[in-house]
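Asks: Mind looking at a prediction? Sequence and model below.
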Amino acid sequence: MYKNQLIRIVIIITAAGISLCDSLSAQVAAGKPMPVYGNWRNFTTKDGLPSDKTYCVRIAGDKVYVGTHDGLAVYEKGKWRTYTTKDGLAHNGVVSVDVSELTGDVWIGTLGGLSRLSGGKFETFNQFNSGMPNDLVYMVICDGKDVWCATGGGAGHYDTFSKEWEIFTEKNAPMHEPWTYGMSAGDGKIFIAAWGGGVIEYTTKTKQFRDYTDPDGFMEIDLQPNDGLVHDITTATSWADGTLWVSTYFGMSRYDGKYWYGYFDHDSGLASNFINFIRAEGPVAFACSDKGLSSTDGTNWVTYKKNDNNENGVAIVTTNGVKKEIPLTPSIAHNFIIGVDGDKGVLWVATSKGVSRGELRKETENQ
């Protein structure tokens with residue numbers, strides 16, 4: 001089962017360098033309704049993808065990098081190109097991609113090591129040739145000269161200047177176990193999603209840790225609303241505008257530096273509590289779940305769902321508690337969503353049946 005396969009292969013994507021469209025941030029900041037994306041186009045193997053099972057997506061300028069089950073796909077000028085182990089990729093299972101703003105190098109997290117694509121050539125980092133904590137690289141992010149990765153054996157930090165590695169596990173950090181699935185960077189801090197350990201905050205200047213855990217422990221219900229992280233099984237973090245967003249398999253959390261807020265499918269616009277990944281830009285967070293894609297500013301919501309029997313779907317828009325549905329023809333490729341990224345009014349979504357590209361609806365821009 002694709003879903004079960006991914007439970008231990010959580011696709012947790014970075015927040016560093018996130019750049020959804022400027023108009024999106026300005027729109028929400030001005031108190032206008034949430035942006036809605038439409039005019040969806042779906043790409044599969046018929047269009048040039050190496051696999052319909054897509055795990056992550058990252059936009060960098062005119063290129064779109066898509067991690068798939070069978071290699072790294074790059075979309076440029078309307079065409080797809082695939083890189084596999086035959087080209088030097090560490091493993092064909094690509095679950096995370098980030099691009100260094102400093103060097104332009106592409107860092108690729110795979111199920112068999114970490115790859116760097118620089119100047120058209122691949123370089124592989126693994127446990128045998130580097131200080132990598134583990135070859136299962138669920139997440140990679142670039143933060144200036146530093147590269148961070150979440151792995152099955154702890155969090156890794158690589159200084160590209162000194163070429164030295166640091167490893168953080170339960171032995172030197174407040175983790176319950178070494179499994180880490182996601183991380184993001186912001187405000188001089190690294191936020192690590194640690195399996196069973198909530199969120200580990202690491203301040204790069206002071207090298208001090210702080211952890212955030214669920215006050216209710218592993219209980220699958222939230223006894224006291226908004227009392228902290230909704231669950232310790234965290235799958236991703238994303239930091240933007242002074243706010244930390246956290247996805248779990250049991251709901252979603254938002255932390256503004258003073259208060260925690262919890263969100264569930266029964267009391268918000270969330271498509272599902274089973275959230276694979278989250279990415280935020282400005283005041284808006286995008287939550288990738290097993291039942292659709294949701295976006296929110298913490299109050300208002302837009303959830304995208306595909307119909308079961310055809311290519312169409314709907315955008316469910318909830319504004320100040322008032323709900324309406326906008327038909328989408330076609331809709332996103334599939335409701336099991338693992339990755340998302342956007343830029344300049346375009347949103348890309350990685351699903352289990354291909355990757356989707358949506359455009360900001362004009363009526364949204366004019367609202």
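Replies: Nice, I can see it.
Asks: now the strands for the stretch 251-367 of the chain?
Replies: Using DSSP state E, counting those that start in this stretch, the strands assigned to the stretch 251-367 of the chain run over residues 251-255, 260-263, 275-281, 284-289, 292-296, 301-306, 313-319, 322-328, 337-343, 346-351, 354-360.
Asks: wait, which of the ones you listed is closest to Glu123?
Replies: Set against Glu123 and scored by Cβ to Cβ, the strands of the stretch 251-367 of the chain come closest in strand 337-343, at 23.6 Å. C-beta coordinates here come from the backbone N, C-alpha and C atoms, glycine included.
Asks: Partner strands of the closest one and their direction?
Replies: strand 346-351 (antiparallel) (DSSP bridges).
Asks: And the strands of the stretch 251-367 of the chain: which comes nearest Asp143?
Replies: So among the strands of the stretch 251-367 of the chain, strand 275-281 is nearest, using Cβ to Cβ, at 15.6 Å.
Asks: Output the below-cut-off pLDDT ranges for the stretch 151-300 of the chain.
Replies: 218-220 (pLDDT under 70).
Asks: 80 instead?
Replies: 217-224 (pLDDT under 80).
Asks: The stretch 1-150 of the chain now?
Replies: For the stretch 1-150 of the chain, the ranges with pLDDT under 80 are 1-33.
Asks: Do a quick rundown of the helices in it.
Replies: Ranges of helices in the stretch 1-150 of the chain, per DSSP state H, counting those that start in this stretch, are 2-7, 22-29.
Asks: OK, contacts around Gly109?
Replies: With contact taken as Cβ atoms under 8 Å, 6 or more residues apart in numbering, Gly109 is in contact with Gly67, Val94, Val95, Ser96, Val97, Val137, Tyr138, Met139, Val140, Cys149.
Asks: Buried subset of those residues as a PyMOL selection?
Replies: Filtering these down to the buried ones (16 or more other Cβ atoms under 10 Å) takes a single PyMOL command:
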select buried, resi 67+94+95+96+97+137+138+139+140+149
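Asks: Strands - which of the contacts of Gly109 land there?
Replies: Members of those lying in strands (criterion: DSSP state E): Gly67, Val94, Val95, Ser96, Val97, Val137, Tyr138, Met139, Val140, Cys149.
Asks: Dump those into CSV; add distance to Trp40 as well.
Replies: Listed next are these as CSV, based on distance: Cβ to Cβ, whole Å:
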residue, distance to Trp40
Gly67, 20
Val94, 23
Val95, 23
Ser96, 24
Val97, 22
Val137, 30
Tyr138, 27
Met139, 26
Val140, 28
Cys149, 32
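Asks: Look up how far Glu201 lies from Tyr249.
Replies: Relative to Glu201, Tyr249 is positioned 21 Å away (Cβ to Cβ, to the nearest Å).
Asks: swap in Lys163?
Replies: 26 Å.
Asks: try Ala287
Replies: Ala287 is 21 Å from Glu201, by Cβ to Cβ.
Asks: Please say which of those two ends up with more neighbours.
Replies: Ala287 (31 against 20; other Cβ atoms under 10 Å).
Asks: Could you point out the bridge partners of the closest residue in space to that one that isn't next to it in sequence in the sheet?
Replies: In this structure, Ala287 finds its nearest non-sequential neighbour in Ser294, 4.6 Å apart by Cβ to Cβ, 6 or more residues apart in numbering. In this entry, Ser294 is beta-bridged to Ala287, Thr303, by DSSP bridges.
Asks: Hmm, Ser294 is touching Phe286, no?
Replies: Yes. Checked against Cβ atoms under 8 Å, the pair Ser294 and Phe286 is within contact range at 7.4 Å.
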